[in-house]
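> 3D, please:
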Amino acid sequence: MLELAILGFLYEQPLHGYELKRRVAQLTGHVRPIADGTLYPAIKRLEKAGWLTRQTEPGTRAAPRHVLTLTTEGRAELTRRLRGADGVEITDENHWFTVLAFLRLLDAPAEQAEVLRRRLAFLREPSSFFYEGDRPLGAEDITDPFRQGLLLIARATSQTELAWLERTLATLEGGKD
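Below is the predicted model:
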């Protein structure tokens, strides 16, 4: 998720480390704050893989800063990861939001639609946070008001996302809005 966010933001424009950290934190930080000890090793891995370059520029009032730029190989890696988003990238909401934030960078509507279809298939599978044996429990099956609230909020969120996915797929596939 972190590497995808780094690649995605650098696809849009070169950034210095602090600005990149701020943007990643705005996208994911409400759930997982980004520590320097997490961000900078990820940047180094991407640099070592040849997916980004680092240039030192003089700072305006402080020490020199490093500006990160995505390479051609980095752009290809980002689109490969977006095109192939599956598994946890589809099922985990935080990973999914990161994919969704950059999905527009795939040029082909058919490729975008394929990723959305995988998410749609996942959301259509019966599931819950709570089970009785193998049976997923719904809000109406639970008397605990807090668990009931959790399930009601999750249901409303899923219904909204399902409606959005269906509309967007219709648009991408040439149907009505």
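> Lowest-scoring secondary structure element of this protein by mean pLDDT?
Lowest on mean pLDDT, DSSP states H and E among the helices and strands of the chain sits helix 17-28, with a mean of 87.
> domains in this structure, as residue ranges please.
Here the domain assignment for the chain is 2-83, 126-172, based on automatic domain parsing.
> to the chain's geometric centre, what's the distance from stretch 83-100?
Here the centre of stretch 83-100 is set off from its chain's centre by 6 Å, with Cα atoms, centre = their mean, to the nearest Å.
> Same check on stretch 52-64?
Taking the mean of its C-alpha atoms, stretch 52-64 sits 28 Å from the chain's own mean (Cα atoms, centre = their mean).
> got the residue ranges for the helices in this structure?
2-12, 17-28, 36-48, 72-83, 88-91, 93-102, 109-124, 145-172 (DSSP state H).
> possible to save the ones you listed as TSV with mean neighbour count and distance to Asp134?
For the C-beta atoms, the positions are set from N, CA and C on the backbone; glycine is no exception. Formatted as TSV, the helices of the chain follow (neighbours: other Cβ atoms under 10 Å; distance: least, Cβ to Cβ, whole Å):
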stretch	mean neighbour count	distance to Asp134
helix 2-12	20	33
helix 17-28	17	33
helix 36-48	14	37
helix 72-83	16	33
helix 88-91	16	18
helix 93-102	18	23
helix 109-124	16	18
helix 145-172	14	17
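> ok now do the residue nearest to Leu152 when sequence neighbours are not counted, which residues does it touch?
The shortest distance from Leu152 to any non-neighbouring residue, by Cβ to Cβ, 6 or more residues apart in numbering, is to Ala139 (4.8 Å). Taking Cβ atoms under 8 Å, 6 or more residues apart in numbering as the criterion, Ala139 is in contact with 148, 151-152, 155.
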